[in-house]
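Asks: Predicted model, plus sequence, below.
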Amino acid sequence: MEQAEVEHYRAYLKDKYRPPSKGGNAGAWHQHVLRIGGENYSFLAAHAGKFVFKGETVSFDWDWDETKRFRNVVVDSVVAHRRDGSPVVRGSRGGKAWRIAETRLPARRSEWKD
C-alpha cells in the first residue's frame, strides 16, 4: 500500500487491563485497525498511540493471514506521510512480553472471598 489516505483509525486493547495506579495501558499490546478504501488492515503493537494522524497518508506492506480473512500489516513498514509529503515514523515497534497476571482487587487477600 503506497501513500493511501486513512478513512478510519482505531486502537483496541488486546492485553490484560491494568489500572492507572499500576502504570496504565499505554505500553500494553493494542490492535491497530486502519480502514483504507473500505477494507480493514490491522497489526499488533506495544503502543496505544496512533501511528497515523488525520490529514496524513500512510505506506506499509501487508499480507493475508492463513484463513485469507484478515489483512495483517507488517509493523516495521508503517510510514506516515505529512501533508507536505515528508515521511515520519511513529510508534513503539519493539517487542514485549504479554501480561499474564490478572488485576487484583484493591483489598486485602482475606477480603477476596466471594
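Replies: The structure has been received and is ready for your questions.

Asks: Stretch 79-97 spans what distance, first to last residue?
Replies: The separation between the terminal residues of stretch 79-97, taken as Cα to Cα, to the nearest Å, is 24 Å.

Asks: got it, and stretch 72-90?
Replies: End to end - Cα to Cα - stretch 72-90 spans 18 Å.

Asks: got it, and stretch 90-108?
Replies: Span of stretch 90-108 from end to end, Cα to Cα: 41 Å.

Asks: Show the average pLDDT along it.
Replies: Stretch 90-108 carries an average pLDDT of 73.

Asks: Can you give the distance from it to the centre of its chain?
Replies: Here stretch 90-108 is found 14 Å from its chain centre; the criterion is Cα atoms, centre = their mean, to the nearest Å.

Asks: mind checking how far Ala48 is from Ala11?
Replies: 6 Å (Cβ to Cβ, to the nearest Å). C-beta here means a position set from N, CA and C on the backbone, and glycine is covered the same way.

Asks: Give me the common contacts of those two.
Replies: Jointly contacting Ala48 and Ala11 under the rule Cβ atoms under 8 Å, 6 or more residues apart in numbering are His30.
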